[in-house]
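> my questions concern the predicted model and sequence given below.
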Amino acid sequence: MDLDELKTAFDGYHTEVKQIADGQRKMQADFKKMDDIVSKIEVAMARIPAGGITPAGTKASDEMKAFGSYISYGEQRMPQDEVKSLIVGEDTRGGYLAPSEFVADVIKGVVQFSPVRQAARVGSTSSKSVMLPVRTGTPTAQWVTETQTRPEASPTYGQKEIVVYEASCYVDISQQLVEDAAVDMNSELAFDLAQEFGRLEGAAFVTGDGVNKPLGFMNDANVGSTVSGTAATIADANGQANGLIDLFYSLAPFYRNRSTWMMNGTTLASVRKMKDAQNNYIWQPALAAGQPETILGRPVVEAVDMPSQGAGLYPIALGDFESAYRIYDRVSLSLLRDPYSQATSGLIRFHARRRVGGSTVLPEAIKKLKCST
């Protein structure tokens, strides 16, 4: 290689090195920009309030601010512009309607204490009742000859009315706690109300008699049952789970494949110890974190209001609750602040009312297990 060729090669190498150096500087500049962006995001995230971000274009933030002032100070001590932001119900003397964010917190909290909501279909309404079409008869097709008169196939339909009942409670909170600016009273009050309403409706959805309250699926006379095979227990004479297997296969395949077990913790503890004829446990733990445990491959919902084992009792229910049971909420929740009746005890009483209805709409999709008498 002569001198000219060597010089040409060196120039080419020098150009490549320069390009690589320029690329490295550009990458370093890009990384610095990325670091700046991440730092800005971290600062912005730190400024987000605990309740999250309110979507732009809505009036919810103003309503929640006004509602928080109403809880803390009462209407008389609120600025006039915040009073105007309060949502007024049909009866202005019965308190103010809670903003949608507050109601959503209550509804989400209710699920913790009203487990039937996890399995049933839940909707909302603004009416005093909901009318659902129900097929009471099926078409009656028949085989016919070439010239035989064709029969009429007349399916029959009816209506199922789900009445929306009123639930009411009150919560007493100390004056000092309400005045403490460090406490998020919206969250505290939402949790207390959710606990009370959840406890009340949870029992009604399971065992309610339909008198001034929802009709529970356990009290629906149209819900069928099978027997366990042994007096007072869910196990059969050999201590095995044959009664649960019979219950499982008593459901039609469509409902069985979408079914959920419902029982209380005491019964669930007994089921976890039960085995089938091959000495295999019928209860299985969750396959992954956040997934439900299963019995015979179907998930379990623990409902504290289900009865325990006992002669003639029904401690277990299995069904496609999403098809079988409907719950309807009236979204509006009314709250009345009463600073007077408990003033001598240093308390402020908050009266809350909401309306909810529930009923079985497809009894054939649920079966109960009865302990033999």
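Alright, I've got the coordinates. Numbers count the residues shown, from 1 in each chain.
> so G158 touches M131, yeah?
No - at 10.3 Å, G158 and M131 do not qualify as touching, with contact defined as Cβ atoms under 8 Å. C-beta here means a position set from N, CA and C on the backbone, and glycine is covered the same way.
> which strand or helix spans I327?
Counting by DSSP states H and E, the element that carries I327 is strand 325-338.
> any weak-confidence spans in the stretch 151-300 of the chain?
154-155, 181-187, 287-290 (pLDDT under 70).
> F205 and E161, how far apart?
17 Å (Cβ to Cβ, to the nearest Å).
> more crowded one of those two?
F205 (28 against 10; other Cβ atoms under 10 Å).
> how close does that one get to F217?
Separation of F205 from F217 (Cβ to Cβ): 7 Å.
> R337 now?
Distance, R337 to F217, by Cβ to Cβ: 37 Å.
> more neighbours, the two?
F217 (27 against 19).
> right, and the more buried one touches L362 too?
No - assessed by Cβ under 8 Å, F217 is found out of contact with L362, at 10.3 Å.
> anything in contact with each of these two?
A324 (Cβ atoms under 8 Å, 6 or more residues apart in numbering).
> hey, where'd the helices end up in the stretch 201-350 of the chain?
242-250, 253-256, 265-272, 321-324 (DSSP state H, counting those that start in this stretch).
> adding distance to K26, write these out as TSV.
Formatted as TSV, those follow (distance: least, Cβ to Cβ, whole Å):
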stretch	distance to K26
helix 242-250	65
helix 253-256	62
helix 265-272	62
helix 321-324	56
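> out of those, deepest packed?
helix 321-324 (a mean of 22; mean count of other Cβ atoms under 10 Å).
> distance of Y157 from G210?
With Cβ to Cβ as the criterion, Y157 and G210 are 22 Å apart.
> ok, now A120?
Separation of A120 from G210 (Cβ to Cβ): 16 Å.
> those two: which has the busier surroundings?
Taking other Cβ under 10 Å, A120 and G210 do not tie; A120 has more neighbours (24 against 15).
> surely that one and I327 touch.
Yes - between A120 and I327 there is a contact under Cβ under 8 Å: 5.3 Å.
> which neighbours do the two share?
By Cβ under 8 Å, 6+ apart, the residues touching both A120 and I327 are F205, G358.
> neighbours of R199, how many?
R199, neighbours per other Cβ under 10 Å, totals 16.
> what sits against the closest residue to it other than its chain neighbours?
Once flanking residues are discounted, R199 sits nearest to F113: 5.4 Å by Cβ to Cβ, 6 or more residues apart in numbering. Residues near F113 by Cβ under 8 Å, 6+ apart: A194, Q195, F197, G198, R199, G202.
> look up how far T149 lies from the residue lying closest to the fourth one once chain neighbours are set aside.
When you say that, I think you mean G198. Of all residues not flanking G198 in the chain, F113 sits nearest, at 2.7 Å (Cβ to Cβ, 6+ apart). Per Cβ to Cβ, F113 is found 60 Å from T149.
> do E188 as well
Per Cβ to Cβ, E188 is found 72 Å from T149.
> strands along the stretch 101-250 of the chain, start to end?
121-125, 129-135, 157-163, 165-174, 224-231 (DSSP state E, counting those that start in this stretch).
> need those in JSON lines with distance to G346, can you?
Formatted as JSON lines, these follow (distance: least, Cβ to Cβ, whole Å):
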{"stretch": "strand 121-125", "distance to G346": "38"}
{"stretch": "strand 129-135", "distance to G346": "42"}
{"stretch": "strand 157-163", "distance to G346": "40"}
{"stretch": "strand 165-174", "distance to G346": "6"}
{"stretch": "strand 224-231", "distance to G346": "52"}
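> minimum distance to F321: which of those has it?
Minimum separation from F321 across these (Cβ to Cβ) falls at strand 121-125, 7.9 Å.
> other SSEs contacting that closest one?
With contacts taken as 3 or more Cβ pairs under 8 Å, 6 or more residues apart in numbering; DSSP states H and E, strand 121-125 sits against helix 321-324, strand 325-338.
> closest to I234 out of those?
Smallest distance to I234 across the helices and strands packed on strand 121-125 (Cβ to Cβ): 19.7 Å, for helix 321-324.
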